[in-house]
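*Asks:* The sequence isn't on hand, but the structure is:
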């Protein structure tokens, strides 16, 4: 995989899965824009990634704001001259059963998880279409396909990402841009670490491989789809869930 010198904008990459993706791409020589609402953590992550021998830039990004998104991509082009890869990873949860869910919790999840992908993809495509090359990888979720009680907003946002992915893939294939999604299952994060052991064991029973995935597992899938080697793959969803959805 030859990605040296390419430039990636990764949203929500100050920590967690986003950071793992940034580190994985940087390990292949990709220059990284660490874009996150948490600006101080983004700065720290960018400094750490720079130690891998690539150029980095930290950017405060509110993916639900068109002005914020436009500014980050403008700054990325000023700094690096191009954008080859966009990974739409930023996302939040505001869980609750349907009848108890507040309208603002629905709106905030849709704004960040789905509208954010729309806004960032729109800016990226402007750049990539001129280059006649680009890779967009969107982070969906297994719950887009199986649903999850208490996550009507999150499930809807992630299902929306799948439809958005396929449509943009069709619209811009002729410009050399591929658009795919990765749908993680249960991944080891700070959130799952905080769960009681008995709850985690019950969750693992739904996974044929019998274990949670890691941020590294997701990052490997993103790396492949972001690479030139995946040039004949577009409009697809790569499931990374240990077999819990087939």
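*Replies:* Okay, I see it. Quantities reported herein were computed from a predicted structural model and do not represent experimental measurements. Numbers count the residues shown, from 1 in each chain.
*Asks:* Low-confidence ranges, the chain, go.
*Replies:* Counting by pLDDT under 70, the chain contains low-confidence residues at 191.
*Asks:* show me where it has helices.
*Replies:* Using DSSP state H, the helices of the chain run over 16-26, 39-50, 66-80, 103-110, 116-131, 143-146, 152-172, 190-193, 197-204, 215-226.
*Asks:* Residue 169 - nearest residue in space that isn't next to it in sequence?
*Replies:* The shortest distance from residue 169 to any non-neighbouring residue, by CB to CB, 6 or more residues apart in numbering, is to residue 235 (3.5 Å). In short, each C-beta sits where N, CA and C put it, glycine included.
*Asks:* list the contacts for the one you found?
*Replies:* 165-166, 169-170, 179-180 (CB atoms under 8 Å, 6 or more residues apart in numbering).
*Asks:* Just the buried ones from the residues you listed, in PyMOL syntax?
*Replies:* To isolate the buried ones among the contacts of residue 235 in PyMOL, judged by 16 or more other CB atoms under 10 Å, type:
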select buried, resi 165+166+169+179+180
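*Asks:* what's the most distant pair in the contacts of residue 235?
*Replies:* Greatest spacing in the contacts of residue 235, by CB to CB: 170 and 180 (12.5 Å).
*Asks:* ends of stretch 18-37, how far apart?
*Replies:* 12 Å (CA to CA, to the nearest Å).
*Asks:* wait, isn't residue 59 in contact with residue 74?
*Replies:* No - using CB atoms under 8 Å, residue 59 makes no contact with residue 74, being 10.2 Å away.
*Asks:* With neighbour numbers in mind, choose between those two.
*Replies:* More neighbours surround residue 59 than the other of residue 59 and residue 74, with 22 against 12 (other CB atoms under 10 Å).
*Asks:* Can you tell me who that one pairs with across the strands?
*Replies:* Counting by DSSP bridges, residue 59 is bridged to residue 35.
*Asks:* what about it, distance to residue 193?
*Replies:* The gap separating residue 59 from residue 193 is 28 Å, by CB to CB, to the nearest Å.
*Asks:* Same check on residue 186?
*Replies:* Applying CB to CB to residue 186 and residue 193 gives a distance of 12 Å.
*Asks:* quick one: the longest strand along the chain to chain centroid distance?
*Replies:* Counting by DSSP state E, the longest strand found in the chain is strand 177-184. Counting by CA atoms, centre = their mean, to the nearest Å, strand 177-184 is centred 9 Å from the centre of its parent chain.
*Asks:* what angle do it and helix 116-131 make?
*Replies:* On the basis of axes from the mean of the first three to the mean of the last three CA atoms, to 10 degrees, strand 177-184 is oriented at 150 degrees to helix 116-131.
*Asks:* what's near enough to touch the most centrally placed residue in the chain?
*Replies:* Centrality entry for the chain: nearest residue to the mean C-alpha point is residue 89, 2.1 Å, by CA atoms, centre = their mean. Contact analysis of residue 89 by CB under 8 Å, 6+ apart lists 10-13, 17-18, 21, 139.
*Asks:* nearest to residue 210, of those?
*Replies:* residue 17 (21.0 Å).
*Asks:* follow-up on the earlier one: can you tell me which of the helices of the chain is most buried?
*Replies:* Among these, helix 16-26 has the highest mean neighbour count (mean count of other CB atoms under 10 Å), at a mean of 25.
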